[in-house]
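Q: I'd like to go over a predicted model; first the sequence, then the structure.
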Amino acid sequence: MESFEELLRQAEVVHGHMCAGQILGVRMALLACRRLEVDEPRGADRKKLVCFVEIDRCATDAIGMVTGCRLGKRALKFRDWGKMAATFKNLATGKALRVVALENSRELARQRYAEIENKGQQQMRAYRELTDEELFHEQWVTVDVAPREMPGYKGARVNCAECEEGINFDRFVERDGQLLCLSCADPQLRYWEPLRREGEA
Ligand SMILES: [Zn+2]
Ligand SMILES: [Zn+2]
């Protein structure tokens, strides 16, 4: 695995800027890889990790970069819980670790680096130098990754009986003998509404 500084540099490039979240994310991912004995997540050990992230913020990009777990590979699972936390599972051993960034690390940063006036700089320095114990709570957990959620899963592709759009990875419901996509099955789930044309009711 590359050094912390090298990973941080790469994270900055991928993310577009350097920020406290990059430092936090790189450290979370490094900690998890160490505990799960995944030495080369983007090399020899690729395909071993699945990662559940609980927030879509800066640190998420760094976690994806270091672990090689990406949405497009189905190895990055997003749980929109608004928490600075992530769970990492080693598919080869079955072990899983949940890592949460501690709330009091901001306060700790303020106390320990009071001489740095700029809050962002203060936080970045703290996130570099505080120990893992000061920054994170870690917990061994079990995570069930169903076969259809696995990165390499190949399911049959079906078409929705209503909108006729193709559906992958078994994301359909069966109703009255018909297969429906999730948005046709439950319009409440729809995040979009068609625009009404003028003159339509
Ligand atoms: Zn950022
Ligand atoms: Zn449909």
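A: That came in fine, so what should we check first? Given the structure is predicted, the values throughout are model-derived calculations rather than measurements. Ligands and ions are numbered 1, 2, ... in the order given.
Q: Tell me the helices and strands packed up against the lengthiest helix in the chain.
A: When the chain is parsed with DSSP state H, its longest helix is helix 20-35. Here helix 20-35 touches helix 4-15, strand 49-53, helix 58-67, strand 85-90, strand 96-101, helix 119-129, helix 132-135, strand 136-141, going by 3 or more Cβ pairs under 8 Å, 6 or more residues apart in numbering; DSSP states H and E. Backbone N, C-alpha and C define where each C-beta goes, glycine included.
Q: Which of those has the lowest mean pLDDT?
A: Averaged per stretch, pLDDT over the helices and strands packed on helix 20-35 is lowest on helix 119-129, reaching a mean of 93.
Q: What are the contacting residues of that helix?
A: 18-20, 23-24, 27, 105-106, 108-110, 112-113, 116, 135 (Cβ atoms under 8 Å, 6 or more residues apart in numbering).
Q: And stretch 173-190, by the same measure?
A: With contact meaning Cβ under 8 Å, 6+ apart, stretch 173-190 is reached by 158-163, 165, 167, 171-172.
Q: which of those are buried?
A: 160-161, 167, 172 (16 or more other Cβ atoms under 10 Å).
Q: so which pair among the residues you listed is furthest apart in space?
A: The span of the buried ones among the contacts of stretch 173-190, defined through Cβ to Cβ, is set by Ala161 and Ile167 at 10.4 Å.
Q: Output the contacting helices and strands for the worst-scoring helix or strand of the chain on mean pLDDT.
A: Ranking every helix and strand in the chain by mean pLDDT, DSSP states H and E puts helix 105-112 at the bottom, with a mean of 89. If you count contacts as 3+ Cβ pairs under 8 Å, 6+ apart, helix 105-112 packs onto helix 119-129, helix 132-135.
Q: quick check, the first one touching ligand 1?
A: No. For a cut-off given as Cβ under 5 Å from the ion, helix 119-129 has no contacts with ligand 1; the smallest distance is 10.1 Å.
Q: I'd like the distance from that helix to the chain centre, please.
A: 23 Å (Cα atoms, centre = their mean, to the nearest Å).
Q: Enumerate the positions of that helix that are buried.
A: For helix 119-129, a neighbour-count test (16+ other Cβ under 10 Å) marks 122-127 as buried.
Q: thinking again about what came up before, same list (the contacts of stretch 173-190) but as TSV, adding distance to ligand 2 and secondary structure.
A: Shown next, in TSV, are those (distance: Cβ to the ion, whole Å; DSSP: H, G, I helix; E, B strand; the rest coil):
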residue	distance to ligand 2	secondary structure
Val158	11	strand
Asn159	9	strand
Cys160	3	coil
Ala161	8	coil
Glu162	5	coil
Cys163	3	coil
Glu165	6	coil
Ile167	8	strand
Arg171	10	coil
Phe172	8	strand
